[in-house]
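Student: below: sequence and its predicted model.
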Amino acid sequence: MKEESVARRPTPPGTPERTGPGHLADLVRKAVPPMHPAGLPFVAAPLAVALAGRRRPWLRRAGLAAAAASATFFRHPHRVPPNRPGVVVAPADGEVALVDTAAPPAELGLGDRPLPRVSIFLSVLDVHVQRTPVSGVVRDVQYQRGSFKSADLPEASAVNERNSMVIDTESGEQVVVVQIAGLLARRIVCDAAPGDRITIGDTYGLIRFGSRVDTYFPAGTELLVNTGQRTIGGETVLAVLPSAGS
């Protein structure tokens with residue numbers, strides 16, 4: 001006796017791969033961003049305090065609150081950069097503080113010719129990881145000690161402690177991205193080194209507790225953002241390079 005074949009209905013587009021508790025876990029994982037590894041000590045320490053003071057409600061609550069605040073600060077959300085050729089994406093989350101022209105940091109030896117620049121100010125509430133604005137090869141990385149003035153001041157670019165990186169794009173142009181310490185920021189982390197091949201939108205560094213990131217573009221670059229605009233690191237398009245045309 002032949003078994004009757006039963007036609008299987010196609011799965012509707014957008015149907016989750018898992019259902020029940022597994023699907024709920026996937027939703028939570030997508031809604032709660034992971035934490036950058038640099039934040040682990042800042043979360044572990046207050047958790048240890050909460051554990052040691054578990055018999056004292058006020059100490060336990062303070063430790064848990066500090067751990068949650070640290071985990072939030074060091075969050076590292078997934079980002080999807082645009083695939084349009086020739087674009088430069090925001091290296092950080094924050095607010096556009098300056099759209100102007102300025103000479104790149106002197107320690108890079110790129111001359112004093114003013115170049116188009118976009119400065120992004122990061123408050124303590126913003127995501128503080130930095131992402132590569134373009135794909136290419138790291139030509140140079142220079143760390144410069146300096147002051148710790150408020151990062152939203154125009155002079156912060158010149159006098160504050162900073163880390164500058166020069167990227168040679170695949171089209172032969174140069175983009176400079178500068179991590180700048182702020183009033184509370186005392187630690188700049190840069191994982192990129194000269195010779196590294198990097199991809200647009202990849203995480204390359206971190207600034208702890210209030211900061212600023214400047215991006216310098218080749219002359220003739222078309223800037224697409226305005227002062228006061230909010231940016232999403234790795235996704236917001238700041239500019240289009242001259243090689244890409246309009």
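Tutor: It's in. Residues are numbered from 1 along each chain as shown.

Student: can you report how many residues lie near Glu95?
Tutor: Number of residues near Glu95 (other CB atoms under 10 Å) recorded here: 16. C-beta: built from backbone N, CA, C; applies to glycine.

Student: just give the nearest non-adjacent residue to it, would you?
Tutor: Phe121 (5.3 Å; CB to CB, 6 or more residues apart in numbering).

Student: swap in Ala192?
Tutor: Tyr204 is the one closest to Ala192 (CB to CB, 6+ apart), at 4.6 Å.

Student: now do the phi/psi pair for that neighbour.
Tutor: In terms of degrees, to the nearest 10, the main-chain angles of Tyr204 are phi -130, psi -10.

Student: give me the mean pLDDT for whatever helix or strand the residue nearest to Glu95 lives in.
Tutor: Counting by DSSP states H and E, the element that carries Phe121 is strand 115-122. For strand 115-122, mean pLDDT is 95.

Student: going along the chain from it, find the next helix or strand for me.
Tutor: Next element after strand 115-122 (DSSP H and E): strand 129-131.

Student: report the mean confidence score over the next helix or strand after that following strand.
Tutor: Under the assignment DSSP H and E, the closest C-terminal helix or strand after strand 129-131 is strand 136-144. Taken as a whole, strand 136-144 has an average pLDDT of 95.

Student: quick one: the strands in the protein, in order.
Tutor: Applying DSSP state E to the chain gives strands spanning 87-89, 94-102, 115-122, 129-131, 136-144, 162-169, 174-181, 188-190, 197-198, 203-207, 211-216, 222-223, 230-231, 237-240.

Student: the domain parsing of the protein - what is it?
Tutor: 33-73, 87-244 (automatic domain parsing).

Student: got these as CSV, with distance to Arg79 columns?
Tutor: CSV is the format used below for the domains of the chain (distance: least, CB to CB, whole Å):
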stretch, distance to Arg79
domain 33-73, 10
domain 87-244, 4
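
Student: packed most tightly, which of these would that be?
Tutor: Among those, domain 87-244 has the highest mean neighbour count (mean count of other CB atoms under 10 Å), at a mean of 19.

Student: how far does that domain stretch from start to finish?
Tutor: 8 Å (CA to CA, to the nearest Å).

Student: quick one on the thing from earlier: I'd guessed the residue nearest to Ala192 sits against Ala193; true?
Tutor: No - between Tyr204 and Ala193 there is no contact under CB atoms under 8 Å: 10.0 Å.

Student: packing partners of the strand holding Phe121?
Tutor: When contacts are defined as 3 or more CB pairs under 8 Å, 6 or more residues apart in numbering; DSSP states H and E, strand 115-122 sits against strand 94-102, strand 211-216, strand 237-240.
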